[in-house]
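>>> Got a predicted structure plus its sequence, pasted below:
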Amino acid sequence: MTPTDIPFTRLLRVETRKLFDTRSGLILAVSAIGLALAAVVARGLTSEPRWFTLAGTAAIPLGTLLPVLAILTVTSEWRHRTALTTFALEPRRGRVLAAKCLPPLTATVAGCVLALLAALPMTAVAAAVHGVEATWTVAPAQVLGWIATMVLLTGQGLGMGLVLLNAPAAIVICLAGTALWSAVARLGDMGAILADWLDLNRTTNPLMNGGFTGDAALRLAVSVFVWIVVPMAAGMLRISRKEIG
Amino acid sequence: MIEFHCVSKTYKGVKALDEVSFTVEAGSVTGFLGPNGAGKSTALRVLTGLSRPTSGSATVFGLPYAELVCPGRRVGTLLDAGALHPGRSGREVLTLGAMMLGLPRSRVGESLELVGLTGKESRRAVGGYSLGMRQRLGIAHALLGRPEALVLDEPANGLDPQGIQWMRGLLRSLADSGCAVLLSSHLLHEVEQVADQIVMIGRGRVLARGSVAELARGGGLERTFLELTAQADRSAA
């Protein structure tokens, strides 16, 4: 029987499976789901019953753990040198890398949807318990902006992981970013300008809070280019030329 | 089936491979023999498209490995038995391989049985495997797609004497059924009893090649091997 090409969907299934087939991957996935639900519940117990506020609380665990999952997905083959096997089975490395990038991005959208769904009953329960009216209204653009922001944070994890091929370094850059940028922003006018244009946390704010103007779009584009597009492209180029050993 | 045409590889100013040429025929076992650091692994990585030669080319079935359609189905490879995610079970490693190659899951059990890993062992995380068990798992992985060519880098490392004997029998029967087998080793006795042909390499150069009988003339294979590697070391010094 003549073998046929490996279809992309198959690579996608294999790479998705690799996310969850080790204890560390499983712990990370279960923690992300568990903490996202816990965040929604905790917010429901403590604040006004606003559906989107409850769902949005899940951004804290999801925005921390999903970029880590993304980083581990793209770096683990180098740490354990399984790249030898993977790229021997599929020498077209770009296809493998694309198949590695999609599952964490999909998981991010799924995590957001899960938080929105979990917030529905929690909002109703919280309203009943506190005896106040629940707030269900939210602009669809705001929900989409929130999901887009979460996807971009995961994308940054992929970019940093691909360009550094070192999980600890990539995790530090992604997670310490917020603290670093708030320090940079205090370094006079230049620091403030840099933070306004390059800090993904700042440039994605208009996506969630409305007020997404042309200027905001430009700032977002610049920061996405610097933190996601360039590292992803550089990482993929480097890996496609790299000696695997 | 497997051909190296004048493959050279310069790595950070050092000639890791210097005009390496040899072929491995279908139905034969070729032992790729040389001391540690001689360039065996580099040659096998060039062959499997993981490393680019500075000049020359290596082909399998007349094509560069990376240009074959689903190369893992036609060429079984074991390039480093230690390169495994320690948290995966042996069965999971093979399941991922079978999925990627589009093979039925039944191949996982068949391959495990072929290399003598029990069901219980296969469900354990490979982090706890001995080197010998990792080698068996790696050979099982290489054989998943019933390949027509087999490339094994130091497969006997860590195998006990029974394991080496088992591997000899396995490679012999694969070659007898038409498979082209290329296996590297730094230990002569691991290859001399199973190989039909031997390619000796030292400091990146092919020092000698021929049948075991040819190379054993004039004092035995071991003497030839030691003399040639010593010569290569002297000329490089």
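Arrived safely. Residues are numbered from 1 along each chain as shown, chains lettered A, B, ... in the order given.
>>> Okay, and the beta partners of the nearest residue to residue B:195 once chain neighbours are set aside?
Using C-beta to C-beta, 6 or more residues apart in numbering or on different chains and skipping residues adjacent in sequence, the residue nearest residue B:195 is residue B:31, 3.4 Å away. Quick note: C-beta positions are derived from backbone N, CA and C, even for glycine. Per DSSP bridges, the residues bridged to residue B:31 are residue B:183, residue B:198.
>>> I'd assumed residue B:187 was in contact with residue B:31.
No: using C-beta atoms under 8 Å, residue B:31 is not in contact with residue B:187; the gap is 10.2 Å.
>>> Looking at the two, which has the bigger crowd around it?
Set residue B:31 next to residue B:187 and count neighbours by other C-beta atoms under 10 Å in any protein chain shown: residue B:31 wins out with 24 against 13.
>>> what's stretch A:36-56 in contact with?
The contact list for stretch A:36-56, computed with C-beta atoms under 8 Å, 6 or more residues apart in numbering or on different chains, reads A:57-58, A:60-62, A:111-112, A:114-116, A:118-120, A:122-127, A:130, A:132-136, A:138, A:142-143, A:146, A:208.
>>> now the residue most central in space within chain B, which residues is it bridged with?
Geometric centre of chain B, nearest residue: residue B:152, 1.8 Å, by C-alpha atoms, centre = their mean. Going by DSSP bridges, residue B:152 is paired in beta bridges with residue B:78, residue B:183.
>>> pLDDT wise, what is it at?
With respect to pLDDT, residue B:152 has a value of 97.
>>> tally of neighbours for residue 66?
With no chain named, the answer covers chain A. By the measure other C-beta under 10 Å, the count of residues near residue A:66 is 26.
>>> oops, chain B please
Burial of residue B:66 is recorded as 17 neighbouring residues (other C-beta under 10 Å).
>>> Check whether it really touches residue A:89, as I assumed.
No: Residue B:66 is not in contact with residue A:89 according to C-beta under 8 Å; the separation is 11.3 Å.
>>> who's in contact with residue 23?
No chain specified, so I'll use chain A. B:87, B:125.
>>> wait, I meant chain B there
B:1-4.
>>> change it to 6 Å
With contact taken as C-beta atoms under 6 Å, 6 or more residues apart in numbering or on different chains, residue B:23 is in contact with residue B:3.
>>> Give the bridge partners for it, please.
Residue B:23 forms beta bridges with residue B:3, as assigned by DSSP bridges.
>>> remind me, longest helix of chain A?
In chain A, assigned by DSSP state H, the helix with the most residues is helix A:93-130.
>>> Which other helices and strands does that helix contact?
helix A:8-20, helix A:23-46, helix A:51-56, helix A:59-79, helix A:140-164, helix A:230-241 (3 or more C-beta pairs under 6 Å, 6 or more residues apart in numbering or on different chains; DSSP states H and E).
>>> Mind giving me the packing neighbours of the first one?
So that's helix A:8-20. Packing partners of helix A:8-20 (3+ C-beta pairs under 6 Å, 6+ apart): helix A:23-46, helix A:93-130, helix B:90-101.
>>> now with 10 Å?
Secondary-structure packing of helix A:8-20 (3 or more C-beta pairs under 10 Å, 6 or more residues apart in numbering or on different chains; DSSP states H and E): helix A:23-46, helix A:59-79, helix A:83-89, helix A:93-130, helix B:90-101.
>>> of all those, which lies closest to residue B:128?
For those, the distance to residue B:128 is smallest for helix B:90-101, at 10.1 Å, taking C-beta to C-beta.
>>> residue nearest the centroid of chain A?
The residue lying closest to the centre of chain A (C-alpha atoms, centre = their mean) is residue A:154, at 1.9 Å.
>>> That residue touches residue A:59, doesn't it?
No: under the criterion of C-beta atoms under 10 Å, residue A:154 is not in contact with residue A:59, lying 11.8 Å apart.
>>> so what sits against both of the two?
Taking C-beta atoms under 10 Å, 6 or more residues apart in numbering or on different chains as the contact rule, residue A:154 and residue A:59 both touch residue A:111.
>>> hey, which helix or strand in chain A has the poorest pLDDT?
Across the helices and strands of chain A, mean pLDDT, DSSP states H and E gives its lowest value to helix A:205-209, namely a mean of 86.
>>> re earlier: of all the helices and strands packed on helix A:8-20, which one is nearest residue B:229?
Comparing the helices and strands packed on helix A:8-20 by C-beta to C-beta, helix A:83-89 comes nearest, at 26.7 Å.
>>> circling back: the longest helix of chain A - what's its average pLDDT?
The average pLDDT within helix A:93-130 is 96.
>>> List the residues that contact the residue nearest to the centre of chain B.
B:32, B:44, B:76-79, B:81, B:135, B:138-139, B:142, B:167, B:171, B:181-185.
>>> Any regions of chain B where pLDDT drops low?
Residues of chain B meeting the criterion pLDDT under 70: B:236-237.
>>> Which residue ranges of it form strands?
Under the criterion DSSP state E, chain B contains strands at B:2-11, B:14-24, B:29-33, B:55-60, B:75-78, B:149-152, B:180-185, B:197-202, B:205-211.
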